[in-house]
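# whatever this is, show me its structure:
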Amino acid sequence: MLLYARHRPDRRNRRGHRESRPRLRPRGRLRRRYGYSGRRRRRSDRVRALPPPGHQRPHCRLDLHDDVPVRYPVLRSRWDGNHQFHAIAHGITGSPFNTNFFRLSGPNVGGPGVNTVETNLFNVTGKIFVKAATSTSLTSTPNPSTVGQAVTLRATVSPAPPATGVPTGTVTFRDGAATIAGSPVTLVNGVATLVTSALATGSHSLTAVYSGDDDFLASTSAAVTQVVNAAPAPAPPPAAGADTVSIGRAERAGTQLRVEGTNSRTSAGNFAASVEIHNGGAVGTTCPGALIATTAVSAADGRWAFRGNTNLAPTTVCVKSAGGGVASRAVVIK
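Model (predicted):
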């Protein structure tokens, strides 16, 4: 923040000052009060800058105190902390001589907005900074996931138009009210990423909370529902003496279904004569779904294959060997 002030005493009246009406650009308002006190007729001016309608309301007050005749003028700046602004460290340089030129400097504390204060006694030109609003978005992949599977959370923080720039700071990822381990995460080019595999089975309401920084306000993303499914149950061991079934391919294009695989030998040393192909998955050592087809098993190498039409539109198939083996596999839709 750079503020410049030049005080011009009224030479026609060394013990008084003319009334003046300060102005603020662009489209802002100023409230100004001044008065006299003490035997030396000490003069005090106070200028309060109010922003244009629709903007946040910082209070910027410049006090100019002047003993007549001018000897040790002082220019001070104060920000009102009740409006989300912290005290600003600043430096003042100037001259106690007749030019009365001062320079007030301090750090930037927000977005753009140049304002000019003009009176017939002094001019102040500088920037009154207001923090820009932000929006935070959150994605989670993959969704749904399986318990124990790594899920990537990605938060993107953007300034709300017309503000520009890249927000800095941190993002805290939350599962409901709980903070997810590994948070907060520092933003890099406006993006924060966290990978977690600690989500339990069920639905989770995830949010990303941006901390804000010197230029941008904090914000929270909309909730994202992450579904975590239980891990599939392991396939049961084959029955004693039963063969095993391996499904190498399960594909469907429209009504045409193609399922291929191999069987191991039975305890008798031969291959089972056939396999049954059912709609749906295995339950224990059975295939409870509707029967799609029965196909023969090669006596030479245990291979089998089925290609035909079905109106069942299976997404999973279960294959049961005549030798007792059972297997299931998801169907690839083409």
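
# who's in contact with the helix or strand where residue 305 lies?
Following DSSP states H and E, one finds residue 305 within strand 303-309. Around strand 303-309, the neighbours that count as contacts under C-beta atoms under 8 Å, 6 or more residues apart in numbering are 255-263, 274-275, 277, 292-293, 295-298. C-beta coordinates here come from the backbone N, C-alpha and C atoms, glycine included.

# let's see the PyMOL selection covering just the buried ones among those residues.
Filtering the contacts of strand 303-309 down to the buried ones (16 or more other C-beta atoms under 10 Å) takes a single PyMOL command:
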select buried, resi 257+258+259+260+261+262+263+275+277+292+295+297
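
# which residues are contacting the next helix or strand after the strand holding residue 305?
Remark: after strand 303-309, the chain's next helix or strand is strand 316-321, criterion DSSP H and E. Applying C-beta under 8 Å, 6+ apart, the contact partners of strand 316-321 are 242-243, 245, 247, 250, 257, 259, 261, 263, 272, 274-282, 286-289, 292, 297, 326-331.

# which members of those residues are positioned in strands?
Cross-referencing the contacts of strand 316-321 against strands under DSSP state E gives 245, 247, 250, 257, 259, 261, 263, 274-279, 292, 326-330.

# got the contact list for residue 315?
Neighbouring residues of residue 315 by C-beta under 8 Å, 6+ apart: 330, 331, 333.

# so what's residue 227 bridging to?
Beta-bridge partners for residue 227, by DSSP bridges, are residue 203.

# and for it, the neighbour number?
Applying other C-beta atoms under 10 Å, we find 14 residues neighbouring residue 227.

# picking that back up, using TSV, lay out the contacts of residue 315 together with distance to residue 165, neighbour count and pLDDT.
Shown next, in TSV, are the contacts of residue 315 (distance: C-beta to C-beta, whole Å; neighbours: other C-beta atoms under 10 Å; pLDDT from 0 to 100):
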residue	distance to residue 165	neighbour count	pLDDT
330	47	12	92
331	50	18	92
333	46	11	88
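
# can you list the residues you listed in CSV and add distance to residue 199?
Below are these laid out as CSV (distance: C-beta to C-beta, whole Å):
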residue, distance to residue 199
330, 23
331, 28
333, 28
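
# beta partners for residue 152?
residue 141, residue 195.

# contacts only, for it.
By C-beta under 8 Å, 6+ apart, residue 152 lies in contact with 140, 141, 193, 194, 195.

# just checking, the third one touches residue 151?
No: between residue 193 and residue 151 no contact is recorded; they are 11.3 Å apart, counting by C-beta atoms under 8 Å.

# more crowded one of those two?
Taking other C-beta under 10 Å, residue 193 and residue 151 do not tie; residue 151 has more neighbours (22 against 15).
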